[in-house]
Every structure is written in C-alpha cells, then in structure tokens.
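J.: Structure for this input, please:
(2 chains)
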Amino acid sequence: MRIATWNVNSLNVRLPQVLEWLAEAKPDLLCLQETKLDDERFPQDLIEYAGYRVVYSGQKSYNGVAILSRNPAKDVITELPGLDDPQRRVLGATFATDVGEVRVLDLYVPNGQAVGTDKYAYKLDWLARLRDHLAEQIAAYPKLVVVGDFNIAPGDLDVYDPDGWRGGILCSDAEREALRALLDLGLSDLYRGFHDQGERFSWWDYRGNMFAANRGLRIDLILTSAALRDAASDCRIDTVPRAWARPSDHTPVVADFA
DNA sequence: ATGCCTTCGCCTCGAAGA
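T.: Sure thing, here's the model as predicted:
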C-alpha cells in the first residue's frame, strides 16, 4: 500500500500536475489539501478517467480536502466531532488495502497567521479537538494513518533557519506541544523513522528563490499508528514536482507499507 | 520590511497563505 499527501494550492490550477504525478508515482491513496474548489466544481470525471475514485469536501477560494483512491471509501467524515466549523479541512475514510483495512484522516490544519492572533487561537483550539478525535480513532482503528499539511514544523531539524523561526508561527512552543500531544496518543512521524538528517523539507516559500536555495520547512506529515509504523517499508519526500512549471509551494510526501 | 510569489475574487488591488 502506497499513500501520499500533497497540498496542491488550488486543484483548479494544479490538476495537470496531479494527474502527471499519479501516473508516475502510482499511489493507492493520494490525500490533497487546499483544493480551493466548491464540490460542484470538483473535477471528479477527470480523476475517475485517470483510474481513481475520489471523495472530497471543499469550498470556494480557501481550504478543501480530497482523497483519491484505487478502492472505494467507506465511513466518510468531513468534520471533527465537537467542532462546528464551516472551513473544509477534514476528510476521513476507511479503505481496503493489501495491508488490511486502513483508516485514513486527511487534514489541512489551520495556518494560524501569527502567534497571538485570533487565527492562532483557532488553530490551537482546532488541534485540541483533533486530539480528542484521534484518541477515539486510535482505539477504534489499529491501522490508522493521519496525513496532511499540519502547518507545524515538528522540530528545529525541520526548519532551514531554526533560530530565525523559533517562537514564530509554525514553530511556536504551543504548536509543537499540540503536535507532540497527537504523537503521545501512539502515533509516529513516519518520515523521521526513516531519515534523521536535516534540510529535508516539504514546503518552500514562492518568494525569494527559496526552493533553489533549499530554504524550507517540513510541515507535511504522515502520522501512523504502531501497527502501520511496523508495516512501513519507506517514507520519502518527492521534491520533483516542486521543480515543475507552475508548481504548488508544497511537494508530495509518500509512504509505502508491505 | 507594510517587501519578495501565487492564489482567489471581483475586478487590475487586497487578502491570505506559511
């Protein structure tokens, strides 16, 4: 089973890149964030023509998540229980795979804008509700994988300039503690199970030639329960699409399970 | 740096992202 996560920063703009990447990477599951499309405008036919089923929860202009899959989704959710939120950031579903039934949660965690703002408070509250939901999910589903744009760099190793970013948005203590609280439920940051070096990022700002200089952050994560961690054979960041024409500012993160 | 780039909406600039 191969699963990937990719913040595409507008599926309307990025659909050609997504179809190209699907043909090359051949994932069983691809979780997208920031589709920025109303469900009425979602390109379901073109994705199905490429050989994938798809479920989605979107809105105009902002947010929006989708899961492309070889097998059908069941038990789909589009909300965090206990959080009445018009922002479309959550998509959960269960899939049959060659490693058994897998519960998938695709997330676009709020950005938070700046420490101390209303959006930052919303982000921390959202993460607290996520923790409550994951505590239930990890008990209900031994094979749980939580993927997406977490908008948190887990540690200094995940930041090109840790001193410059320390305490700021995406790197503040409260955000990192909220991520730690998710991991403490029994989830693993799968990339770190395979790679212990720094300067491995999943997002680079469009401004200032940051990708060419490899000045980025690792904020797109694949978290797995223990059973899936033990079944994992690889986790990697595919930087190739970030170098394509008209790229997303994020690049895919991929995991394989045997 | 109230900068940089890219997206969207509504309308050619402002807001937001990270």
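J.: how about the nearest residue to the most centrally placed residue in chain A, chain neighbours excluded?
T.: In chain A, the centroid-proximal residue (C-alpha atoms, centre = their mean) is A:G148; its distance is 0.9 Å. Among residues not flanking A:G148 along the chain, A:L107 sits closest, at 3.6 Å (C-beta to C-beta, 6 or more residues apart in numbering). To be clear about C-beta, it is placed using only N, CA and C from the backbone, and glycine gets the same treatment.
J.: What residues are bridge-paired with that neighbour?
T.: For A:L107, the beta-bridge partners under DSSP bridges are A:V90, A:G148.
J.: pLDDT on stretch A:181-190, on average?
T.: The average pLDDT for stretch A:181-190 rounds to 98.
J.: in that stretch, what's buried?
T.: Buried residues in stretch A:181-190, counted by 16 or more other C-beta atoms under 10 Å: A:182, A:185-190.
J.: out of those, which are inside helices?
T.: A:182, A:190 (DSSP state H).
J.: Return the two entries of the buried residues of stretch A:181-190 that lie farthest from one another.
T.: Based on C-beta to C-beta, the longest span within the buried residues of stretch A:181-190 runs between A:L185 and A:L190 and measures 14.9 Å.
J.: Can you check which helix is longest in chain A?
T.: Per DSSP H, chain A has its longest helix at helix A:118-140.
J.: Would that helix count as contacting DNA strand B?
T.: Yes: using C-beta under 7 Å from any atom of the strand, helix A:118-140 reaches DNA strand B at A:K119.
J.: what's that helix in contact with?
T.: A:80-83, A:85, A:89, A:92, A:103, A:105, A:107, A:109-114, A:144, A:146, A:151, A:169, A:174-175, A:178-179, A:181-182, A:185-187, A:225 (C-beta atoms under 8 Å, 6 or more residues apart in numbering).
J.: rerun that using 6 Å as the cut-off
T.: A:80-83, A:110, A:112-113, A:144, A:174, A:178, A:181-182, A:185-186, A:225 (C-beta atoms under 6 Å, 6 or more residues apart in numbering).
J.: on that earlier part again, verify the contact between the residue nearest to A:G148 and A:D149 for me.
T.: No: applying C-beta atoms under 6 Å, one finds A:L107 not in contact with A:D149, separated by 7.3 Å.
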